[in-house]
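Just the structure for this:
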Amino acid sequence: MTKTYTTSGNHLEGRVIVLFLLFLFALYTLTTSGIIAYTAICIIPAIAVFIFLALKHQNALFWYIFSINYFVMGLSRYGYIPVQVTIVTILPQVLLILALIIHPRKGKNSLGTPMLFAILIWALYLIIQVFNETCGLPLSISNWLLNLNFFALYFILAYVLISKIINTPENIMRFLRLWAVFSLIATYWAWRQKTFGWDQAEWRWLMSGGMRTHLIGGSIRYFSFFSDAANFGCNMGASAALFYILGLTSKLKKDKILFTITGVCCTYSFFASGTRSALVCFMVGIFLYIFLAKSAKLTATVLILGGAFIFVMAFTEIGQGNMQIRRMRSAFNTDDASLNVRDLNKQALKKYLQDAPFGMGINIDEGSVPKFNKFKVVYETSNDSTYVFFWQRTGIVGVYVFATMNIIILLGGCLIAFFRLKNKASKGIAAALCCGFLGIQAGGYANHILMQYPNLILFYGGMAIVYLLPAIENDYIAYEERKVAEIEEKKRLKQEKREKSRIKTWLTWK
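Numbers count the residues shown, from 1 in each chain. Down below sits the predicted model:
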């Protein structure tokens, strides 16, 4: 006992000495190099503690990553993240990968699936983009690595982290419930903007350029704490389809209620966003579920309701007094001015990029393209779509590779939901995630939102869960049965308590 106490005391003394020396060094830095260097020295212990906890508590680090990805744009708008956004998002992901290498987790995962294969093909195409000399400009390794990080590494990290961490039924349901809670918070924030107006930070953002795209023709587009209204609307449209399906297929009453309410709130949100593509995100997600559900009754119901909705929006003026409905209705107007501008931009890009099948490249400093270079026009032309964005940088070949990656991911997930899963709830989870993924892809075709926070980790991470489900379906069935048994036991105990209370009351009265 004495020996243990002495050893612990020696360790404590060593830590105190190290902290004291660090404190003296910080004071010295303050007097010689100023407050910034002093602050950097002072946060070293906090960083060390964070890394230690991250290595020890992998689950907690993942939920931090998941949460910060959802709120990072809002936190940045309010100035709560004084450093570059990638520092608080990408570095923790890399740290978690290192933690998984140092302390590998046991259990099933979805590594080695068609999804990972498809992502690696896309990553390989971006790697060989280092040889792209279309613009005739000097190669910039730093720009190539930076773009490779944004355009490929994020996909790989999201897939690997979900596969290795969210590999139990409990974590899958925690992932979906937390997503629902965050969506409810996003809905509340949009409702606050609509009811009470924008606050100072939001006004500052609007006045710095956001007003041009968020006040259109008398319509106000609300963006909650997302990067913009397009990102918010598409996310909510795809999420609405996903949560309605989860609410329909879940076996647990609390989950049914949570997911259904979230679906309704997300519907309110995508209308509040005024993003026409959001309606398409929702509709394609729901229509895919008709196919995956294999239910004639559901198919007939959705077709009747969907057909009636489309008829009202496209051929009537019902609700035209509401600015959000008016904005959504313009999605069915083929003569809409903004849609025509996008088509003109695409036609202009097509003329320039027909000589650049591999695009401008991701290995140059795009801002330094000289005026006499014809690809300067390509760089300056607005890209209102993730697919157009990759068309500019990786060419038509890159767009086909990127689209092929997404098609493989979606088809593989649909085959799993359609053929490999037997349990109704697990099939529902897989179908919901596939429908949400197709919805966000539709949004990405019309808006530059696929690479925006928090879409990548939600929807591509969600597809990683789909590929994991066949391996853990039996575990999920056991989890579901256990939860149902717990609910039944609680009901039985409550019933017994009520019966005892009635008997006691009767005896007292008698």
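
going forward, measure contacts and count neighbours with C-alpha atoms only.
Noted.

and the biggest helix by length in the chain, what's its mean pLDDT?
Longest helix in the chain, counting residues (DSSP state H): helix 461-509. The average of the pLDDT scores along helix 461-509 is 83.

helices or strands next to that helix in the packing?
helix 154-165, helix 169-196, helix 386-415, helix 424-446 (3 or more C-alpha pairs under 8 Å, 6 or more residues apart in numbering; DSSP states H and E).

Kindly state which of the ones you listed is positioned closest to residue 468.
helix 154-165 (6.9 Å; C-alpha to C-alpha).

tell me, what residue is most central in this structure?
residue 455 (2.5 Å; C-alpha atoms, centre = their mean).

For residue 308, see how far away that residue is.
From residue 455 across to residue 308, the span is 30 Å (C-alpha to C-alpha, to the nearest Å).

ditto for residue 147
For residue 147 relative to residue 308 (C-alpha to C-alpha), the value is 45 Å.

now do the same end-to-end measure for stretch 244-255.
Stretch 244-255: ends 11 Å apart by C-alpha to C-alpha.

Can you give me the buried ones in that stretch?
For stretch 244-255, the neighbour count (16 or more other C-alpha atoms under 10 Å) marks 244, 245, 246, 247, 248, 249, 250, 251, 255 as buried.

Could you dump those residues into JSON lines and include pLDDT?
Shown next, in JSON lines, are these (pLDDT from 0 to 100):
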{"residue": "244", "pLDDT": "94"}
{"residue": "245", "pLDDT": "93"}
{"residue": "246", "pLDDT": "94"}
{"residue": "247", "pLDDT": "93"}
{"residue": "248", "pLDDT": "90"}
{"residue": "249", "pLDDT": "90"}
{"residue": "250", "pLDDT": "90"}
{"residue": "251", "pLDDT": "87"}
{"residue": "255", "pLDDT": "94"}
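
of all the residues you listed, which two lie farthest apart?
244 and 251 (13.6 Å).

higher neighbour count, residue 147 and residue 308?
residue 147 (17 against 12; other C-alpha atoms under 10 Å).

Which residues are in contact with that one?
Residues near residue 147 by C-alpha atoms under 8 Å, 6 or more residues apart in numbering: 362, 363.

same thing but at 10 Å, please
126, 141, 153, 361, 362, 363, 364 (C-alpha atoms under 10 Å, 6 or more residues apart in numbering).

so which of the residues you listed comes closest to residue 427?
residue 153 (29.3 Å).

quick one: the closest one from residue 364, how far?
On the measure of C-alpha to C-alpha, residue 153 and residue 364 end up 19 Å apart.

Residue 346 reaches residue 354, doesn't it?
No - Residue 346 is beyond contact range of residue 354, at 11.8 Å (criterion: C-alpha atoms under 10 Å).

the more surrounded of the two?
More crowded of residue 346 and residue 354, by other C-alpha under 10 Å: residue 346, with 16 against 12.

just the strands in the stretch 201-350 of the chain please.
215-216, 219-220 (DSSP state E, counting those that start in this stretch).

and the ones you listed as a markdown table, adding mean pLDDT, distance to residue 428 and mean neighbour count?
Converted to a markdown table, the strands of the stretch 201-350 of the chain look like this (pLDDT from 0 to 100; distance: least, C-alpha to C-alpha, whole Å; neighbours: other C-alpha atoms under 10 Å):
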| stretch | mean pLDDT | distance to residue 428 | mean neighbour count |
| --- | --- | --- | --- |
| strand 215-216 | 76 | 38 | 13 |
| strand 219-220 | 79 | 35 | 18 |
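
picking up where we left off before, now, the most widely separated pair of the contacts of residue 147?
Longest span within the contacts of residue 147, C-alpha to C-alpha: 153 and 364, 18.6 Å.

Count the residues that sit near residue 460.
27.

I figured it hits residue 155, correct?
Yes - using C-alpha under 10 Å, residue 460 is in contact with residue 155, at 7.3 Å.

could I get the strands of the stretch 201-350 of the chain as a markdown table with distance to residue 429?
What follows is the strands of the stretch 201-350 of the chain, written out as a markdown table (distance: least, C-alpha to C-alpha, whole Å):
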| stretch | distance to residue 429 |
| --- | --- |
| strand 215-216 | 37 |
| strand 219-220 | 34 |
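
I'd like to know which of those strands is closest to residue 274.
Using C-alpha to C-alpha, those put strand 219-220 closest to residue 274, at 7.2 Å.
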